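Chemist: output the structure for:
(2 chains)
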There are 2 protein chains.
Amino acid sequence: MLRIGIDLGGTNIVASVVNDEYKILGTGKTPTNVPRSPEEIFDDIAAVCREAMEKAGVSIAEIASVGMGTPGTVNSDGVIEFANNLGFNNLPAKDMLKERLGNIPVFIDNDANCAALGEAYAGCGNGAKNFVAVTLGTGVGSGIIVDGKIVSGVNNAGGECGHMVIMTDGEPCTCGRRGCWEAYASATALIRQTKAAMAEYPDSIMHEIAKEEGKVSGRTSFDAMRKGDIAAIKVVNNYIKYVACGLINLVNALQPEIICVGGGICNEGETLLKPLRRYVQAERYSIHSKIQTKIMKAELGNDAGVIGAALLGSVKQR
Amino acid sequence: MLRIGIDLGGTNIVASVVNDEYKILGTGKTPTNVPRSPEEIFDDIAAVCREAMEKAGVSIAEIASVGMGTPGTVNSDGVIEFANNLGFNNLPAKDMLKERLGNIPVFIDNDANCAALGEAYAGCGNGAKNFVAVTLGTGVGSGIIVDGKIVSGVNNAGGECGHMVIMTDGEPCTCGRRGCWEAYASATALIRQTKAAMAEYPDSIMHEIAKEEGKVSGRTSFDAMRKGDIAAIKVVNNYIKYVACGLINLVNALQPEIICVGGGICNEGETLLKPLRRYVQAERYSIHSKIQTKIMKAELGNDAGVIGAALLGSVKQR
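Modeler: Below is the predicted model:
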């Protein structure tokens, strides 16, 4: 059975035809070019779906369902209630997709939830029924899978674990709270922490690396650490402690089979994951349990979103 | 259909016969008297079950299942892997109950999970399928219900939301972490916060109240606040902020229909709940959602545990 998954992002619109083995058979892609009217954006969404079908060599009659992951909150009627970076406000997204693609079953959910579903079924989760995906990017995105289904809550706004406070009265977060995990564990936060350390340590190798790169990035402190820079070691250790703090919170609350960590910072691989696992092992509440949550690296990269979106039609959601 | 629910606590063993409408038909009770051998404790558990049946006027043949809530972690074989305050270590609790009660279906889960199940089905949840129960007691206990079932995770140790860090590097917690919600929002934490304020403000009315009561309790600061004491107002406001912080974390992660707040501190009623709701309303991530999580007071008190334990046999668990 073939399905279309759409990943509607602030930068790109991507659609893929996905088969029952979670393989991508064809993909269409175009820039989102915001700000634009929702009608123009949805015309392009339909166009990339057709491009994906063409590349896969299939017709719409062969497609069992269309799923879309979008930023923001989607209600059970397929209305995007609010998506700040796309300028959507109570947009009847499901109806707009059906208008353009014909009367085919359409499912829409939050993009982080779709990515979590993709990784749980087709990525590092390998079918895990209880699974949390965390993405360390501009923010900290997350999606929770319990019993094989997305935990979307009473209003489809669930899974925002980046906005759990880990430091009461701490750093301001874009959400309005102070001390959110996102404000400490996102790539944005790491860059802020790196810049603060650079200001404190004018002799740090981080200055040279940033000069070569033309900017301070999420890699600056990790690269300087590998060169033995003391200030950078401090930055990385602190950052990993913050990431671990949120992961342990999730372990204690949900004890999923797997927590999958993705996003750009994960390119550091075991440099990040090994100390994360050590922190989790030392601090989790379940010290006496024989079975423990595994901390794994995301496998699907950007494909998690389209594969998870395609899965919306096959995994009966709550 | 009749079921027996057992609440095995560090202080008392309680068992009740519960009917399909979640009504308690008869209850038996005895002190736990720890430390004692597991065999003696389980003999008493069987005795209170018989007492409950006698008071309900029913025989074991009419009982469809027995459920028990226990402190600690219970694995899927009904073995209590570890329960510190009872001195249990890999105790085959399910088999020990069957030996004493005959070959009747037996289900065992963590006590906080059972209490959550009870409140979700028979208490303030009124059948809510997505529900979190939080108990502000000696510690902060909690249980998570998703899709009508307890989220017990890969190792049956799930639902320990009291051990989510809300203050990185903060107050030490009994679990070994620093800054857990429990270390700020439990009755124990409130008493610590009250004592600290009393030391800082020798003229506070809290001193008089504590002297009259013979001790500093979870009520001291609330009572002094009602008399207009400035230091007490500060203590209560801070405490409520900490409680709210964890609640908002749970709202953002899970967006349950209802979060139920129980435990001794909840006797303060709306004095506690009104400001909690205001904090949640102001800080939740889902500001644009039409439907929002309700914050409610637990209704069943100590009965939540036995009713939830009885429900273990009727609610198909994961």
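
Chemist: pLDDT below threshold where in chain A?
Modeler: Regions of chain A meeting the criterion pLDDT under 70 cover residues A:316-318.

Chemist: ok, which stretches of it are helices?
Modeler: For chain A, the helices defined by DSSP state H occupy A:38-56, A:93-101, A:111-122, A:182-185, A:187-200, A:205-213, A:220-226, A:230-254, A:270-283, A:303-311.

Chemist: pretty sure A:I60 sits against A:I104.
Modeler: Yes. A:I60 lies in contact with A:I104 (C-beta atoms under 8 Å); the separation is 6.9 Å. (Glycine included, C-beta is placed from N, CA and C.)

Chemist: quick one, which of the helices of chain A is nearest to A:K294?
Modeler: helix A:270-283 (8.7 Å; C-beta to C-beta).

Chemist: the closest one: how far from the chain's middle?
Modeler: 20 Å (C-alpha atoms, centre = their mean, to the nearest Å).

Chemist: now do the buried residues in that helix.
Modeler: Applying a neighbour-count criterion of 16 or more other C-beta atoms under 10 Å in any protein chain shown, the buried positions in helix A:270-283 are A:272-273, A:275-277, A:279-280, A:283.

Chemist: returning to that earlier point: more neighbours: which of A:I60 and A:I104?
Modeler: A count of neighbours by other C-beta atoms under 10 Å in any protein chain shown puts A:I104 above the other of A:I60 and A:I104, at 17 against 13.

Chemist: how near is the residue nearest to A:G9 when sequence neighbours are not counted to B:L247?
Modeler: Counting by C-beta to C-beta, 6 or more residues apart in numbering or on different chains, A:G9 lies nearest to A:T32, which is 6.3 Å off, once chain neighbours are set aside. Distance, A:T32 to B:L247, using C-beta to C-beta, to the nearest Å: 36 Å.

Chemist: looking at those two, which is more packed in?
Modeler: B:L247 (25 against 18).

Chemist: list phi and psi for the residue of chain A positioned farthest from its centre.
Modeler: In terms of distance from the mean C-alpha position of chain A, A:D203 ranks first, at 35.6 Å (C-alpha atoms, centre = their mean). Main-chain dihedrals, A:D203, degrees, to the nearest 10: phi -90, psi 0.

Chemist: tell me, how many residues neighbour the residue of the stretch 101-250 of chain A found nearest chain B?
Modeler: Nearest to chain B in the stretch 101-250 of chain A, going by C-beta to the nearest C-beta, is A:G153, at a distance of 2.4 Å. Counted with other C-beta under 10 Å, the neighbours of A:G153 add up to 26.

Chemist: looking at it, it is touching B:I258, isn't it?
Modeler: No. Using C-beta under 8 Å, A:G153 makes no contact with B:I258, being 11.2 Å away.

Chemist: tell me, what's touching the two both at once?
Modeler: Residues touching both A:G153 and B:I258 (C-beta atoms under 8 Å, 6 or more residues apart in numbering or on different chains) are B:T293.

Chemist: which residues does A:A244 contact?
Modeler: A:A244 neighbours (C-beta under 8 Å, 6+ apart): A:275-276, A:279-280, A:283.

Chemist: nearest to chain B among these?
Modeler: A:E283 (5.1 Å).

Chemist: next, the contact list for the closest one, please.
Modeler: Going by C-beta under 8 Å, 6+ apart, A:E283 touches A:244, A:248, B:176-177.

Chemist: now A:F107: closest residue in space, sequence neighbours ignored.
Modeler: Nearest non-adjacent residue to A:F107 (C-beta to C-beta, 6+ apart): A:L312, at 3.7 Å.

Chemist: now do the contacts for the one you found.
Modeler: Per C-beta under 8 Å, 6+ apart, neighbours of A:L312: A:5, A:65, A:67-68, A:107-109, A:114, A:117.

Chemist: including neighbour count and distance to B:L190, could the residues you listed go into a markdown table?
Modeler: Shown next, in a markdown table, are the contacts of A:L312 (neighbours: other C-beta atoms under 10 Å in any protein chain shown; distance: C-beta to C-beta, whole Å):
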| residue | neighbour count | distance to B:L190 |
| --- | --- | --- |
| A:G5 | 34 | 49 |
| A:S65 | 18 | 52 |
| A:G67 | 29 | 47 |
| A:M68 | 30 | 47 |
| A:F107 | 24 | 46 |
| A:I108 | 25 | 44 |
| A:D109 | 26 | 40 |
| A:C114 | 32 | 42 |
| A:L117 | 34 | 41 |
